[in-house]
Every structure is written in C-alpha cells, then in structure tokens.
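J.: Got a predicted model here, sequence first, then my questions.
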Amino acid sequence: MGLVRNGRAGVLMKIGQIFRYARPYSETPTEIDGLANFFAATKTSAETKMLLEAGIQAPARIRGPDGPRVPAVLIRSSPHKAGSEGTPWQDVFRPDQGHIRYFGDNKTPGKDPSTTPGNRLLLEQFSLHASNSELDRSRACPIVCFRSVSLHNRIKGQIEFQGIGLVERAELVSQIEPKTGIPFVNYVFDFLIVSLLSENETLNWAWIDERRNPAFSSSEAFRNAPVSWQKWVHQGVSAFGTIRRAVSRQSIVRRSEQQPPSASRESRVLHEVYKFYENRKHRFEALAAAIADRILTQHGGLYRRGWVTRGSSDNGIDFVGRLDIGSELACTKLVVLGQAKCEDPASPTNGNDIARTVARLRRGWIAVYVTTSYFTAQTQSEVIEDQYPIVLVDGYRLAREVNAILLSKAVDCATFLAEIDGEYELQLARRSPRRFC
C-alpha cells in the first residue's frame, strides 16, 4: 500500500498499514518494495527526520507561543528480539481491544529506571495524560505506536502502524537480565489506544507536523487531532471508556491464527510443551491451570487458583479455580472449571470434550478449555450459537503465554516445565467445585 494523502493537508496513516523502514534514510522514493516509505510518510516541515532507532523516541522539543512541548513520542516493538540480551521482555499489542502493554528501556541492574531516556519521556507524558488540567492535556503528546513485522522473508525493515495512545498506567516491575540472571527494575506502561473511527481508522500526519511547528500554539495544532483525542483533552480521564478503540472482529478464528508461524519462537515452545507431556498427558493439567490463571488475571478480576482433580474422579474436569469480580458487597464469585488437552498441534481438538465440560457447569460458573491444538470453525460456531460461557485457549495463545513467562523468569522452556511438573502432586485434590463458591 502506497502513500495516501488528504489533499494538501498531509499523509493519512492507516492502522495496520506496513511501511518500509530502510537505509539509507531518505524521503524518496515514496514507495520501496511496494510499501510506503516511512520517511516520506512522516516528512514534516521540520528539518530533522522522524526516527525509530530506539524503542522509545521523540523528535526534539519545540517552543511554541504557549511554551515548550514534545511533538510526539514514537514507540517501536520488535517481537523477533524478545528475550534477547537487548530486549529481555515481551510487549503485548492488542490494538483492536484498545490496549498495548509496553516495557520501558531500562536494562541495567541497580539503575534507577526513571532516569533512562525513554522511561523519563513516557513518565513525563503520563503525568500530562493523567492531569485534571485541560491546559496540561492540550500540551500532552500522542504515543504513536509501531511494531516490527516480517514480510517476504525479510525479518527487518518493515514496521506496522498500530495506532496512537495515551499512557493509562505506569508500574514498576522486576525483570531478569538473560545473560547474567541478575534482576533489574524497569517500568511497564499500559497505553490506551484511541479510537480513530471518525477518521476511518487513519491518522492525519498533518497533526504531528503542526505539533512540530514552533509557529503553532498547542491549541492551534489541535485542529487536525482525531475527534477522540479532542474529546479526551476536553473531558480528561472520564472519557477513557468512550474513546478506547474497539474493533468488532469476526467471531470465527481461522486455523492459521490458532497455530504459531513455522520456525517462530512460539512454534518451538509449543513443540517442546507437547513433547514434554506426550507420554504423561494428565500432568499437562498443572500447566493448563497456570495458563488459565495468567489469562484470567490479565483481563480483570481476581483469579484464585484451586486444585487439579485426581484422574479417577475428575468427571471431565481437570482443574478448578475461582474468579472474583468486584469487592465487598459489590462482588460476585464465579467457579471456573478447567479442561486440559495435550494433543497433536496439527489436529483439531474434539468438540465433544468441550460439550462435556460445559455440561458440568452450574448457574454462575464458567469454563476454561486449554489445548495445544486448535478449534475447528464448527466447534467455535456451536460455542457461539449456544452461548456457552467458556474461554477457549488454543495452541498459539498457550505458546505465547508460556513464552512470556520464560522471558519474565529468564529460564528455558525445559526448566520451566520441570518446575511446573514438580508442583503437580501438590495441587491434586478430590473436592467438589461447589466448595469453592
């Protein structure tokens, strides 16, 4: 896809559009290898080019009529580097759900993470994004998000536009330096990805251009800002619920989206998981319980791990947990029944096993089905049509979650699986799920 212009106003950058980011850095030609040239797309009236050499980068501050401002912060995630010495973490991109979780740029044990250039920049914007002052919010800049992608057997040199965001949260986390095994403290940032629905899912780069122009005040540079951004500037944090990007995706997930790409890190992880449990599949239940805990915790509520059921009395249920939503009187407790299936990743899971799991549910209970395989379109259709309260975790999602754990612990897959397996007997119990209400 080449450059799309909004008349003379500027380039329109579409969410999901892939740009060529190649050396030598030049604004010509406008297309390279059939892709829009990133430097042509981001050309502004300023003399210096927009760069994405660091994971967190911003053009120089400018001083407008109303004071200094940062025109924009550009972030770039490189999934192919996740877990390396240079990138000992794994970012999470869910722009269709209006969320990106992005790790800061500190990698040095003993160093104050707030002093690194990228973290300092994002923390500064966080204070503006969370401000109760409309004047502060008008000076705040967008977080323009990109992700490196592979294309035509080229691992490097392509970036995909993921949208613009606000810093919704910033928290300190402890991570492990892969080479030395020494822990270090870093920031992780949660970005709220702003809806561009009124702009037909495009960002008018003229907005960024005007934010880089010292002749414009912040309010004057406001005219090309997305409608949702303008709403947030006027209303503040109270607008978060209405400006978050939300894409209604087709309910049926294709097989290719449930299986990791060939030769990828996730493919290797899934293969190792399957081989580890191939001759002791019942012990996969402990890993499935841990993955269910991780997934349900990520998306709100408090998940309480229960137990793994003994094989002779599981009645189609492999593990039990509970999801607490709310607090005090304003709280509900949902029993979670889990099914774990370690099966050939190349063969679909059996829809009858899902039906058996759902049949065990009582009112107010939900189910989680974790497999190393994938779900057929027919199985998914039945779940949707019958409105089963069940969370389906396919092999690809399983591998991504395991890989994220490996990166956070700085261990290899064999060590992690041995650790989980060592806890299997300790989790066994013969109890009724009703006792966990």
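T.: Structure received.

J.: Listing request: residues of the stretch 101-250 of the chain with sub-threshold pLDDT.
T.: The stretch 101-250 of the chain contains residues with pLDDT under 70 at 249-250.

J.: Show me where it has its strands.
T.: Assigned by DSSP state E, counting those that start in this stretch, the stretch 101-250 of the chain shows strands spanning 143-148, 158-176, 183-193, 202-204.

J.: winner for burial among those?
T.: A comparison of the strands of the stretch 101-250 of the chain by mean neighbour count, using mean count of other Cβ atoms under 10 Å, puts strand 143-148 on top with a mean of 23. (C-beta placed from N, C-alpha, C; glycine too.)

J.: Next one: Asn315, what pLDDT does it get?
T.: At Asn315, the predicted lDDT confidence score is 68.

J.: Check Glu328 too.
T.: In this model, Glu328 is scored at 83, pLDDT.

J.: Phi and psi next, for it.
T.: Dihedral pair for Glu328: phi 50, psi -130, per degrees, to the nearest 10.

J.: What is the burial count for it?
T.: Using other Cβ atoms under 10 Å, Glu328 has 5 other residues around it.

J.: quick one: the residue nearest to Pro29 when sequence neighbours are not counted and Arg212, what's the gap?
T.: Distances taken as Cβ to Cβ, 6 or more residues apart in numbering put Asn37 closest to Pro29, at 6.4 Å, once the chain neighbours are dropped. Distance, Asn37 to Arg212, by Cβ to Cβ, to the nearest Å: 19 Å.

J.: Next: Asp91.
T.: Asp91 sits at a distance of 26 Å from Arg212 (criterion: Cβ to Cβ).

J.: can I see the domain layout of this structure?
T.: Per automatic domain parsing, the structural domains of the chain span 4-243, 255-436.

J.: ok, and for stretch 222-229, which residues are buried?
T.: Within stretch 222-229, the residues scored as buried using 16 or more other Cβ atoms under 10 Å are 222, 224-226, 228-229.

J.: Reformat these as TSV; add distance to Arg305.
T.: As requested, these are arranged in TSV below (distance: Cβ to Cβ, whole Å):
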residue	distance to Arg305
Phe222	48
Asn224	49
Ala225	45
Pro226	42
Ser228	38
Trp229	41
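
J.: So which residues make contact with stretch 100-119?
T.: Contacts to stretch 100-119, defined as Cβ atoms under 8 Å, 6 or more residues apart in numbering, come from residues 54-57, 75, 77, 86, 88-94, 120, 122-123, 145, 162, 165, 172-173, 175, 177, 180, 182-191, 193.

J.: Go through that stretch and flag the buried ones.
T.: For stretch 100-119, the neighbour count (16+ other Cβ under 10 Å) marks 100-107, 113, 116, 118-119 as buried.

J.: among those residues, which are in helices?
T.: Here DSSP state H is the test, and the buried residues of stretch 100-119 give 118-119 as lying in helices.

J.: Can you tell me which of the buried residues of stretch 100-119 is closest to Asp394?
T.: Using Cβ to Cβ, Arg101 comes nearest to Asp394 of these, at 20.6 Å.

J.: bridging residues for that closest one?
T.: Val92, Asp190 (DSSP bridges).
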